[in-house]
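A.B. asks: Have a look; sequence and predicted model below, questions after that.
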Amino acid sequence: MLQAHGVSFAYGRARGRRGFRGADDNDQPNNRPREGYAESAETGRLRAPAKTEARYRGHNDDVLSDVSIRVDRGDLVGILGPNGSGKTTLLKVLGGALNPHSGFVTLDDRPLATWSRREVARRIAYVPQETHAPFDFTVLDVVLMGRFPYLGPFALEGPDDLAIAKQALEATDTAAFQRRSFNTLSGGEKQRVVIASALAQRPRILLLDEPTASLDIGHQIEVQTLLRRLNAEDQVTMILSTHDLNLAAALCRRLVLLKDGQVLETGPTDRVLTPSAVRSLYNVNADVQRHPQTGRLMVVPIGRV
């Protein structure tokens with residue numbers, strides 16, 4: 001289970017780490033208690049305390065403020081909101097890539113800061129909007145990087161790691177170009193490879209930042225199908241941010257509506273995704289109706305308010 005309870009974060013004040021945070025550089029957890037930590041009475045969740053705030057350097061406005069969300073094991077949750085609402089920041093705080101300046105995140109009732117980075121990376125995978133490789137890695141190399149949390153110091157990938165990586169390539173329809181340079185791929189191809197690398201981590205929790213933004217409609221459907229299968233069959237908990245309201249309606253069972261760093265509403269998709277919600281989030285009038293064939297909610301924008 002993943003839960004946020006009042007995490008406060010400021011880009012100008014809080015420490016940030018590249019990758020998943022939760023340990024010092026020696027890969028050992030920081031076991032010192034921190035102000036605001038509290039143990040949860042429930043298990044199996046990632047948790048952040050009830051007030052989430054974030055500020056950019058030189059700005060007084062909070063990027064995140066008073067955010068509380070709970071994600072149970074096996075949930076598939078979408079975060080909706082306009083540009084600048086704090087969606088990416090919230091995902092990074094939940095995953096440990098950004099360290100809150102107050103409040104906390106817990107995983108299985110333990111503060112995330114007490115887990116080593118290796119332990120966190122075995123449980124949580126993060127798929128960013130864009131990825132750039134600094135060196136000329138092949139696609140297979142990039143996917144094999146997802147196995148790093150399971151390797152010892154100076155160890156190389158073994159046959160099992162290679163098999164897992166190739167399964168992830170097949171699942172994301174990227175096996176055909178596994179020998180190509182990652183940097184020669186299109187944006188959509190890169191996104192599918194990064195999803196494959198995340199799958200190679202074998203995570204329990206998958207955080208995805210606009211996972212279909214660079215994909216053509218065919219691969220959007222394939223990624224939706226893949227995520228739905230991983231969630232249903234493997235019980236992978238997923239939290240994704242998206243600007244695609246129809247993707248959220250088709251894929252997510254629950255939604256978090258985020259605007260100006262605050263949660264406007266959270267709950268089941270059928271209850272939360274309404275014309276008034278779309279108007280509040282985006283200042284857009286929209287018709288929300290059932291698709292005649294699929295029965296799923298469908299959002300049809302009409303125009304600016």
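C.D. replies: Nice, I can see it.

A.B. asks: Contacts only, for residue 130.
C.D. replies: Residues in contact with residue 130 (Cβ atoms under 8 Å, 6 or more residues apart in numbering) are 187, 190. For glycine as for every other residue, the C-beta is placed from the backbone atoms N, C-alpha and C.

A.B. asks: Report the separation between it and residue 80.
C.D. replies: Using Cβ to Cβ, to the nearest Å, residue 130 is found at 20 Å from residue 80.

A.B. asks: Residue 185 too?
C.D. replies: Relative to residue 80, and taking Cβ to Cβ, residue 185 is found at 28 Å.

A.B. asks: Please say which of the two ends up with more neighbours.
C.D. replies: Between residue 185 and residue 80, counted using other Cβ atoms under 10 Å, the more crowded position is residue 80 (27 against 18).

A.B. asks: what's the nearest residue to that one if we skip its chain neighbours?
C.D. replies: Among residues not flanking residue 80 along the chain, residue 257 sits closest, at 5.5 Å (Cβ to Cβ, 6 or more residues apart in numbering).

A.B. asks: State the three-state secondary structure for the one you found.
C.D. replies: Classification of residue 257 by DSSP: H, G, I helix; E, B strand; the rest coil places it in strand.

A.B. asks: residue contacts, the spatially closest residue to residue 236 that is not a sequence neighbour?
C.D. replies: The shortest distance from residue 236 to any residue other than its chain neighbours is 4.5 Å, reached at residue 230 (Cβ to Cβ, 6+ apart). Applying Cβ under 8 Å, 6+ apart, we find residue 230 in contact with 199, 206, 236, 238.

A.B. asks: Could I get the pLDDT score of the residue nearest to residue 80?
C.D. replies: The model reports residue 257 with a pLDDT of 96.

A.B. asks: hey, what's it bridged with?
C.D. replies: Beta-bridge pairing of residue 257 under DSSP bridges involves residue 80, residue 265.

A.B. asks: what secondary structure does residue 152 sit in?
C.D. replies: coil.

A.B. asks: per-residue confidence at it?
C.D. replies: On pLDDT, residue 152 comes in at 88.

A.B. asks: quick one: it and residue 64, what's the gap?
C.D. replies: As judged by Cβ to Cβ, residue 152 and residue 64 stand 37 Å apart.

A.B. asks: go on, residue 137?
C.D. replies: Per Cβ to Cβ, residue 137 is found 33 Å from residue 64.

A.B. asks: who's more crowded, these two?
C.D. replies: More neighbours surround residue 64 than the other of residue 137 and residue 64, with 30 against 16 (other Cβ under 10 Å).

A.B. asks: Wait, the more buried one touches residue 7, no?
C.D. replies: Yes - counting by Cβ atoms under 8 Å, residue 64 does reach residue 7; the two are 7.1 Å apart.

A.B. asks: What's the first helix or strand after the helix or strand encompassing residue 104?
C.D. replies: Residue 104 belongs to strand 102-107 when assigned by DSSP states H and E. Next helix or strand after strand 102-107 toward the C-terminus (DSSP H and E): strand 110-111.

A.B. asks: what lines up beside that following strand in the sheet?
C.D. replies: Here strand 110-111 has these sheet partners by DSSP bridges: strand 102-107 (antiparallel).

A.B. asks: ok, back up a step: model confidence at the residue nearest to residue 236, what's the number?
C.D. replies: At residue 230, the predicted lDDT confidence score is 91.

A.B. asks: what are the phi and psi values for it?
C.D. replies: Backbone torsions of residue 230, given as degrees, to the nearest 10, read phi -60, psi -40.

A.B. asks: Residue 125 versus that one, what's the distance?
C.D. replies: With distances taken as Cβ to Cβ, residue 230 is found 11 Å from residue 125.

A.B. asks: Overlap of the contact sets of those two?
C.D. replies: 199, 206.

A.B. asks: In three-state terms, label the most centrally placed residue in the chain for me.
C.D. replies: The geometric centre of the chain, computed from its C-alpha atoms, lies nearest to residue 207 (Cα atoms, centre = their mean), at 1.9 Å. Following three-state DSSP, we place residue 207 in the strand state.

A.B. asks: Show me what it is bridged to.
C.D. replies: Judged by DSSP bridges, the bridge partners of residue 207 are residue 126, residue 239.

A.B. asks: Residue 288 belongs to a strand, doesn't it?
C.D. replies: Yes - the assignment for residue 288, made by three-state DSSP, places it in a strand.

A.B. asks: For it, give its distance to residue 280.
C.D. replies: Distance of residue 288 to residue 280, computed by Cβ to Cβ: 13 Å.
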